[in-house]
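J.: A predicted structure for the sequence below; I have some questions about it.
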Amino acid sequence: MLSKDANTKIPRKDDKGDLPKTEKEWIKYVNDLHDTGVNIRQKYELCWTLNHAYARGYQDIVFNYKTGRIEIPKTMARPLTVNKIGSFLDARLSKLTKQRPLPRVVPATGDNEDINAAKYSDHTLLHLWRKTEIEAEYESMIMMGITYGTSFMRVLWNPWEGDFIKRAVGRDEEVLHIEDGAIKEEKIWLGEVSTKAISPFSIIPANENIREMKDQPWVMERNFHSVADLEKFYPELKGKLIGKAKNREDRTDYEGVIARLGSPVSTQVGSALHNIHDSINDEILCKKLWVKPNSQYENGLVVVVVGDLLAHVSEFPHDYGPNIYPYVKFTERTDGVHFWEQSTVERLLSIQKSYNKLKQKKLRNITMMSAGKWLIPKGSQISEDSITSEEGEIIEYNSSVNPPAQAPLAPLPNYAVEMARELMEDFRMVSGQQDTPTNLPPGVTASVAMETLAELGDEIISPIIKRLSRVMTRVAKAQLLIINEEYLEPRKIAILGEGSSYGVQYISAADLKHSTDVYIEIESMFPSLRGSKQQRLIDLWDRRIITDPQQFLKAYRFGNLDEIMSDIEEEDDPVHLDIAQLKKGKMPEITPWQNHVAYFKLLSKWVQTPEFMALIPERKQMTIEYLQGHLQYLLQSLPNQGQATPQQNQASVGTPFGPQKTAGSPGAGGPT
């Protein structure tokens, strides 16, 4: 949804423009764009429906070339189907969701304000992703993307979600009471960023040959909402939507097929709610047109049409970042040309059909051949009921003809047996889901071998993971932009630390109003086995690269090498902060408990960079003094303050070539 309050006041624009000016013109304009877009999109809906049906196991549906529609067989008895496509989708979804993406916010500059804003934004995004269960929407987006080829994530501000506060309902400063004497209260919602996965059936682009969402001149979302929800978000429509629900008429033919494929029963009886009409069960098609910022509307335009009513017109409610629109597109594959992309499932349909047909024929042949057959000469005078399954059965026949004999069962030809194996090889080749080889290459440790084989098996999904990373980065940026505008009141943010540590902080938009940037760590999204990571940690321990037992055990528990790397990176963070102070001409404080080794190493590298050479002489001298201060602490920690210790040859002791032992010392000459 767009806004809590309905707004049908059309924003002012340049009178020289050719876009609609009145409410009736906008209603007709949106409906015409919708109807044209749905007709153009039908060829893609056919592929999406077939992909969905095969993934669900309904692989006996047929396309009627005369009517141009998909037909579902009326019989409840379904032929033998080995659903390889469903298994492929489950395996790919498992690989793509093995590592969940985590947004990280980095400051745009080294200023303290930007650093603090990045830290607060990072905590806020992580809290939002946990609170709104982004991971569930993330899985839905991926599943729709690999099934249909394209899916979307929608990021909008919902004023009816999030936390709420209670306020007593009063009139003229007198508190109203309900019948039992309790104070009557109302909920005031603070609102929250709503992030939902959207199927391709809900999106209509302006041009199917424009690949990027941000380059589309307009985008339309079509969704069905209950009458109660529409009246809640657009109060001006209250009482005007009764009798306008057309659930079946407004759905496309292929959307109807998708609805009927919910279960075998629904293919026969349909939905039981069709005969119940009220504000909860009746659904109405809602069309939201997003017009890209242009010369007539510099801030863009949003137009919402419900049936033949104009529900909302306004400028873009928020800035959605470089994606322009609040919709982020995800594609499993890309050809670099079209908006709607082809999925791997579409390429597997013909192989799945051939495999099912072969299996069905083999089953039919086995059924026919497994039943015993008799070769009975004509004229043997044996009736059909003469041959039974009784032991010691006597069969009388005409002795002038050959006796009856059972027909021999011939095995299937070799090409028929090999055909199934060849189809499975073709399936794996087209899907890119190869079996992991079991023979390890020589001279390679177990951990490296396991990691290498896992990477080879997942090589084909690397581009998909990178696209997922870009998608979730755009989603996180849009969320942060909306938060910066809408978090007017302080929000309670839960901060999870190491182990079971937990903290709470109140953050508002004022804490986030600084330049920040969001990114998703791509490498962290690649699937990896815990066993291979643990084996790699053992190798690092055996080679004494890791020497701290507590650090090793902490990382080994979940096979998380990032635990060690994060500790190393945290040691360098204070150095970078002090370098930022030196750039501004401020001398940081030197304390005994600082990691002087890290300071000396990073400062020594920085003084050799062009950035340091460009500083004014006073700041250069300040940096050199700061470096020497840490060097002094390092020298104090060494034996003899860093001075060379004279080496003594023990064999020369007591000789003219070495120090003489004093009298009275053990081994010295003379009386004791």
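T.: Ah, there it is.

J.: With adjacent residues omitted, what lies nearest to Leu46?
T.: Excluding its sequence neighbours, the residue lying closest to Leu46 (C-beta to C-beta, 6 or more residues apart in numbering) is Tyr254, at 6.4 Å. For glycine as for every other residue, the C-beta is placed from the backbone atoms N, C-alpha and C.

J.: Which element, helix or strand, includes that neighbour?
T.: helix 253-260 (DSSP states H and E).

J.: Check which helices and strands that helix sits against.
T.: Counting by 3 or more C-beta pairs under 8 Å, 6 or more residues apart in numbering; DSSP states H and E, the packing neighbours recorded for helix 253-260 are helix 42-56, strand 69-71, helix 266-269.

J.: out of those, nearest to Asp229?
T.: helix 266-269 (23.8 Å; C-beta to C-beta).

J.: Can you name the element that comes right after that closest one?
T.: Counting by DSSP H and E, the next helix or strand C-terminal to helix 266-269 is strand 283-291.

J.: and that next one, which strands flank it?
T.: As defined by DSSP bridges, the strand partners of strand 283-291 come to strand 218-226 (antiparallel), strand 301-306 (antiparallel).

J.: quick check: mean pLDDT across the last one?
T.: When pLDDT is averaged along strand 301-306, the result is 93.

J.: now swap in stretch 123-141 and tell me
T.: Stretch 123-141 shows an average pLDDT of 89 in the prediction.

J.: now stretch 505-525
T.: Rounded mean pLDDT across stretch 505-525 is 69.

J.: any idea where the strands of the stretch 401-550 of the chain begin and end?
T.: With DSSP state E, counting those that start in this stretch as the criterion, the stretch 401-550 of the chain has strands at 405-406, 491-496, 502-507, 516-520.

J.: Check the stretch 1-150 of the chain too.
T.: For the stretch 1-150 of the chain, the strands defined by DSSP E, counting those that start in this stretch cover 62-64, 69-71, 103-107, 150-158.

J.: The third one packs against which elements?
T.: For strand 103-107, the packing partners by 3+ C-beta pairs under 8 Å, 6+ apart come out as helix 112-131, helix 462-486, strand 516-520.

J.: between those, which one is nearest to Thr150?
T.: Among the helices and strands packed on strand 103-107, the nearest to Thr150 by C-beta to C-beta is helix 462-486 (11.2 Å).

J.: ok, and the closest non-adjacent residue to Gly37?
T.: Leaving aside its chain neighbours, Gly37 sits nearest to Ile204 (3.6 Å; criterion: C-beta to C-beta, 6+ apart).

J.: Ile198 versus that neighbour, what's the distance?
T.: Ile204 is 12 Å from Ile198, where distance means C-beta to C-beta, to the nearest Å.

J.: the more surrounded of these two?
T.: Comparing Ile204 with Ile198 by other C-beta atoms under 10 Å, the one with more neighbours is Ile204, at 23 against 20.

J.: how about that one, what does it touch?
T.: Contact analysis of Ile204 by C-beta atoms under 8 Å, 6 or more residues apart in numbering lists Leu33, His34, Gly37, Val38, Arg41, Val219, Met220, Glu221, Arg222.

J.: So what's the residue count around the last one?
T.: Using other C-beta under 10 Å as the criterion, Arg222 is surrounded by 19 other residues.

J.: Tell me the confidence at the closest residue to it other than its chain neighbours?
T.: Excluding its sequence neighbours, the residue lying closest to Arg222 (C-beta to C-beta, 6+ apart) is Lys287, at 5.3 Å. Note for Lys287: predicted pLDDT of 94.

J.: Quick check: Lys620 touching Ala614?
T.: No. Here Lys620 does not reach Ala614: they are 9.6 Å apart, not a contact under C-beta atoms under 8 Å.

J.: Please identify which of these two sits among more neighbours.
T.: A count of neighbours by other C-beta under 10 Å puts Lys620 above the other of Lys620 and Ala614, at 15 against 9.

J.: Show the end-to-end separation of stretch 127-137, please.
T.: Terminal residues of stretch 127-137 are spaced 16 Å apart (C-alpha to C-alpha, to the nearest Å).

J.: ok, and what's touching that stretch?
T.: Outside stretch 127-137, the residues that touch it by C-beta under 8 Å, 6+ apart are 100, 102-103, 153, 192-197, 479, 483, 493-495.

J.: at 6 Å instead, please
T.: With contacts defined as C-beta atoms under 6 Å, 6 or more residues apart in numbering, stretch 127-137 is touched by Arg100, Thr195, Lys196, Ala197, Ile493, Ala494.

J.: which of the helices and strands packed on helix 253-260 sits most buried?
T.: Of all the helices and strands packed on helix 253-260, helix 42-56 has the most neighbours on average by mean count of other C-beta atoms under 10 Å, namely a mean of 20.

J.: That one packs against which elements?
T.: On a contact count with 3 or more C-beta pairs under 6 Å, 6 or more residues apart in numbering; DSSP states H and E, helix 42-56 meets helix 84-96, helix 134-148, helix 253-260, helix 344-370.

J.: List the buried residues in the third one.
T.: Which is helix 253-260. By neighbour count, and taking 16 or more other C-beta atoms under 10 Å as the criterion, the buried residues in helix 253-260 are Tyr254, Glu255, Gly256, Val257, Ile258, Arg260.

J.: count of residues packed around Arg78?
T.: 12.

J.: What separation is there between it and Ala420?
T.: When distance is defined by C-beta to C-beta, Arg78 is 20 Å away from Ala420.

J.: got it, and Gln59?
T.: Applying C-beta to C-beta, the value for Gln59 to Ala420 is 16 Å.

J.: what would the strands of the stretch 401-550 of the chain look like in a markdown table with distance to Gln551 and mean neighbour count?
T.: A markdown table is the format used below for the strands of the stretch 401-550 of the chain (distance: least, C-beta to C-beta, whole Å; neighbours: other C-beta atoms under 10 Å):
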| stretch | distance to Gln551 | mean neighbour count |
| --- | --- | --- |
| strand 405-406 | 75 | 10 |
| strand 491-496 | 21 | 15 |
| strand 502-507 | 23 | 12 |
| strand 516-520 | 27 | 19 |
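
J.: who wins for proximity to Ile394 among these?
T.: The closest of these to Ile394 is strand 405-406. By C-beta to C-beta, the value is 15.9 Å.

J.: quick one: contacts of the closest one?
T.: For strand 405-406, the surrounding residues in contact (C-beta under 6 Å, 6+ apart) are Trp374, Leu375.

J.: so which of the buried residues of helix 253-260 comes closest to Ser637?
T.: Out of the buried residues of helix 253-260, the member with the shortest distance to Ser637 (by C-beta to C-beta) is Ile258, at 70.7 Å.
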